[in-house]
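1. What follows is a predicted structure for the sequence shown.
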Amino acid sequence: MTDLDVGRDAYAIPGPPNTNLADILERVLDKGIVIAGDIKIDLLDIELLTIRLRLFVASVDTAKKAGIDWWETDPALSSRAARDSLEDENRELRERLEALESAKDETQAADR
């Protein structure tokens, strides 16, 4: 071993602390991260197309704290929401049927 090799190891510069993907993901989900962007296509100062992109990456708990809970009311994503949607539809259909039957009864009574 030469003096040059010893000197190089003696003054090693420490790097950043090691973090793995799980640690980074845990931090992001705990705090949440928002990515926002707009894409506009204009031609001669005439707006032809606008696309707005919003991405919120967070855990369910963090999203609920931020007031975001659309997955709980979307029938495609929640069995409870689908059941509630069917119940609402059935109730509305029953009300319409009752209204039609009462109108029919009134018409028959007027004809007599």
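-> It's in.

2. From here on, just use CA atoms for contacts and neighbour counts.
-> Noted.

3. Need phi/psi at residue 41.
-> Taking degrees, to the nearest 10, you get phi -120, psi 120 for the backbone angles of residue 41.

4. count of residues packed around it?
-> Residues near residue 41, counting by other CA atoms under 10 Å, number 11.

5. Just the CA coordinates for stretch 57-66, please, in CSV.
-> The C-alpha trace of stretch 57-66 is given here as CSV (Å, rounded to 0.1, in the frame of the first residue of the first chain):
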residue,chain,number,x,y,z
VAL,A,57,-50.9,11.7,-3.4
ALA,A,58,-51.6,10.9,0.2
SER,A,59,-52.8,8.3,2.6
VAL,A,60,-56.5,7.9,3.1
ASP,A,61,-56.3,9.5,6.5
THR,A,62,-54.4,12.5,5.2
ALA,A,63,-56.9,12.9,2.3
LYS,A,64,-59.8,12.8,4.7
LYS,A,65,-58.2,15.5,6.8
ALA,A,66,-57.9,17.6,3.7
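
6. how about the helices in the protein?
-> 3-10, 21-31, 60-65, 79-111 (DSSP state H).

7. who touches the shortest one?
-> With CA atoms under 8 Å, 6 or more residues apart in numbering as the contact definition, helix 60-65 has outside contacts at 29, 30, 31, 32, 69.

8. My guess is the fourth one contacts residue 55. True?
-> Right, residue 32. No: judged on CA atoms under 8 Å, residue 32 makes no contact with residue 55 at a distance of 10.3 Å.

9. higher neighbour count, these two?
-> Between residue 32 and residue 55, residue 32 has the larger neighbour count (other CA under 10 Å), namely 17 against 10.

10. show me the contacts for the nearest residue to the more buried one once chain neighbours are set aside.
-> Among residues not flanking residue 32 along the chain, residue 58 sits closest, at 4.2 Å (CA to CA, 6 or more residues apart in numbering). Applying CA under 8 Å, 6+ apart, we find residue 58 in contact with 28, 29, 30, 31, 32, 33.
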